[in-house]
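Trainee: 3D, please:
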Amino acid sequence: MGIQPQLSVRRGRAAVEFYRQAFGAIEVYRVGGTDENPEVVSQLRIGEDLFWVSDESPEHENFSPESIGGGTVRMLLIVADPDTSVAQAVAAGAAEVAQVTDEHGWRLGRVRDPFGHHWEIGKPLVEWPPHLH
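Mentor: You can find the predicted model right below:
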């Protein structure tokens, strides 16, 4: 059991390549994404976590952030070095939304990928999750 997000994008093949360059994602499964069948459905892995990327399909009510003017979900990428990871994402084509800073027990920054999805990139600075009383 578990949850694996699926990101709808325009230009799916380019998105897969961006996630490789920006976050070191490894593609573990793919359908399509060829010149003959350009639409792609791809499963990617970052560390031990999996997520999917697919071309949007409005006919199935799957829209990219570019189609709806923004997204409804933020991805949280937990890394050892948020500063370097944000810089790598920006170098790969992401736009910085918020600089990496320390707040609320995290070192955290945010980027918007070229496909409209927001990624918070950070690490906890305290034992996480905190003990709730």
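
Trainee: When you work out contacts or count neighbours from here on, use the C-alpha atoms and nothing else.
Mentor: Noted.

Trainee: wait, doesn't residue 10 sit right on residue 64?
Mentor: Yes - counting by Cα atoms under 8 Å, residue 10 touches residue 64, with 6.3 Å between them.

Trainee: So what's the model's average confidence on the top strand by length along the chain?
Mentor: For the chain, the strand that runs over the most residues, judged by DSSP state E, is strand 95-103. For strand 95-103, mean pLDDT rounds to 98.

Trainee: Now the lengthiest helix in the chain: average pLDDT?
Mentor: Taking DSSP state H as the criterion, the chain has its longest helix at helix 12-23. Helix 12-23 shows a mean pLDDT of 98.

Trainee: neighbouring contacts of it?
Mentor: 9, 25-27, 33, 38-42, 46, 53-55, 85, 88-93, 114-115 (Cα atoms under 8 Å, 6 or more residues apart in numbering).

Trainee: residue boundaries of the helices in this protein?
Mentor: If DSSP H is used as the criterion, the helices of the chain fall at 12-23, 65-68, 82-91.

Trainee: Now render the ones you listed as TSV, adding mean neighbour count and distance to residue 122.
Mentor: Listed next are the helices of the chain as TSV, based on neighbours: other Cα atoms under 10 Å; distance: least, Cα to Cα, whole Å:
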stretch	mean neighbour count	distance to residue 122
helix 12-23	19	12
helix 65-68	15	23
helix 82-91	19	5
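
Trainee: Just the buried residues of the longest strand of the chain, please?
Mentor: By neighbour count on 16 or more other Cα atoms under 10 Å, the buried set for strand 95-103 is 95, 96, 100.

Trainee: Considering those residues, which is situated nearest to residue 79?
Mentor: Residue 79 lies nearest to residue 100 out of the buried residues of strand 95-103, by Cα to Cα, at 12.4 Å.

Trainee: Give me the distance between that closest one and residue 83.
Mentor: 6 Å (Cα to Cα, to the nearest Å).

Trainee: Give me the common contacts of the two.
Mentor: By Cα under 8 Å, 6+ apart, the residues touching both residue 100 and residue 83 are residue 109.

Trainee: can you tell me how far residue 103 sits from residue 109?
Mentor: 10 Å.
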